[in-house]
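Engineer: the following block contains a protein sequence and its predicted model.
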Amino acid sequence: MGDEGRKIGVAVDFSICSRIALQWAINNLVKKGDHLILVNIRPDAHNEETEMQLWEVTGSPLIPLSEFRDAHVMKKYGTKPDPETLEILDLAAVQKEVVVLMKVFWGDAREKLCEAVDNIPLDTLVVGNRGLGKLKRAILGSVSNYVVNHSSCPVTVVKYADNA
């Protein structure tokens, strides 16, 4: 497919960790003409609407950047982008001349990120690494580790070094 129109996915949960991963992707991967696709995974949604039940399987439609600030649209998907992330995206859309989209999935982050890779489909995926301690990682399992081992496309893990 060449470099034109690649689909670069970034897993976002609107935490500082995901903002760092997003900024890294924009600085190091994203080129003019690419599609920057934010993949947002929500915990299981128990919503009675038929539309939502369909989305639980396929994920939401691709949401354009212009709708990220629309509270009604975001509420429908149960997600709320933070101002810092929106600022990063606005700048990237203009400076890098990329199309910015978001797709929301519901369920287990590890499985849904791998599904997103095939469903969208993505050429590469960037995920943040929260840097859980060894004990927490043993109990919870690492999302980034799982995705690296199970994704059908290349995955970049951007480490977040907490100053604690």
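Structural biologist: Perfect, thanks for sending it. Residues are numbered from 1 along each chain as shown.
Engineer: buried residues in stretch 88-98?
Structural biologist: Within stretch 88-98, the residues that count as buried by 16 or more other CB atoms under 10 Å are 88, 89, 92, 93, 96, 98. Quick note: C-beta positions are derived from backbone N, CA and C, even for glycine.
Engineer: could you point out the helix or strand that follows whichever strand or helix holds residue 114?
Structural biologist: With elements taken from DSSP states H and E, the one containing residue 114 is helix 109-119. Toward the C-terminus, helix 109-119 is succeeded by strand 124-129 as the next helix or strand (DSSP H and E).
Engineer: relative to residue 160, which of the buried residues of stretch 88-98 is nearest.
Structural biologist: Residue 160 lies nearest to residue 88 out of these, by CB to CB, at 15.1 Å.
Engineer: how far away is that closest one from residue 129?
Structural biologist: 18 Å (CB to CB, to the nearest Å).
Engineer: what sits against residue 100?
Structural biologist: By CB atoms under 8 Å, 6 or more residues apart in numbering, the residues touching residue 100 are 35, 36, 37, 38, 64, 65, 89, 92, 93.
Engineer: take the residues you listed and keep only those in helices.
Structural biologist: Those of the contacts of residue 100 mapping onto helices are 89, 92, 93, per DSSP state H.
Engineer: so the last one touches residue 64, yeah?
Structural biologist: No - using CB atoms under 8 Å, residue 93 makes no contact with residue 64, being 10.1 Å away.
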